[in-house]
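Chemist: this is a predicted model, with the sequence first.
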Amino acid sequence: MASDKTNVMRVLEQHKIAYTAHEYPHGKDAVDGVTVAQLLGQNVERVFKTLVARGKSGGYHVFVIPVAKELDLKKAAKAAGEKSVEMVHVKELLGLTGYVRGGCSPVGMKKAFPTVFDESVNGLPSVIVSAGKIGYQIECVPADLIGLVRAKTAAITTD
């Protein structure tokens, strides 16, 4: 159990959503998601990363995909109802979401942005996402997480 409660954990508790906290050894810098999955001893299909993109309309969108996959920008744009989307610059992340790279969670962002989970989440008993801080992850039932952030699911990764 993580010793530090993150904002994400508090939000889940407020909404009475059951979760398991995971902690992995970390320094100041983010490690890639596949490494996080390995450090946690988890299957890469169950560990998801949170990506933020700007749509052609100027609106922001959150995409949550398996750590070993790449976001397909065309599919992501379609799922978001945008002509196109582009990833936001790492420098913009903290101001927009309240999170740093490597600690970005779909839960508890400064604003509730439209969120899309990769449809592969649907077949999973549980999904692991960042707990909002490098070194901390939370695991919960996909439907609970999707309901909380009012997300939808779609095929948004490259084949």
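Modeler: Received, thanks. Quick caveat, the model's predicted, so the values are computed rather than measured. Numbers count the residues shown, from 1 in each chain.
Chemist: residue boundaries of the helices in this protein?
Modeler: 7-14, 33-40, 73-80, 90-97, 142-148 (DSSP state H).
Chemist: just say which of these is most tucked in.
Modeler: Of all the helices of the chain, helix 73-80 carries the top mean neighbour count, a mean of 20, counting by mean count of other C-beta atoms under 10 Å. Any C-beta I mention is one placed from the backbone N, CA and C, and that applies to glycine too.
Chemist: what lies in contact with stretch 72-89?
Modeler: Contact with stretch 72-89 is made by 51-57, 59-61, 63, 71, 96, 114, 116, 152, 154-159, as judged by C-beta atoms under 8 Å, 6 or more residues apart in numbering.
Chemist: strands of the chain, start to end?
Modeler: With DSSP state E as the criterion, the chain has strands at 20-23, 48-55, 60-66, 85-87, 115-118, 127-133, 136-140, 152-154.
Chemist: any chance of CSV for those strands, columns mean pLDDT, mean neighbour count and distance to Thr35?
Modeler: Shown next, in CSV, are those (pLDDT from 0 to 100; neighbours: other C-beta atoms under 10 Å; distance: least, C-beta to C-beta, whole Å):
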stretch, mean pLDDT, mean neighbour count, distance to Thr35
strand 20-23, 96, 16, 14
strand 48-55, 97, 22, 11
strand 60-66, 98, 24, 14
strand 85-87, 97, 18, 20
strand 115-118, 98, 24, 20
strand 127-133, 96, 25, 13
strand 136-140, 96, 23, 12
strand 152-154, 98, 15, 26
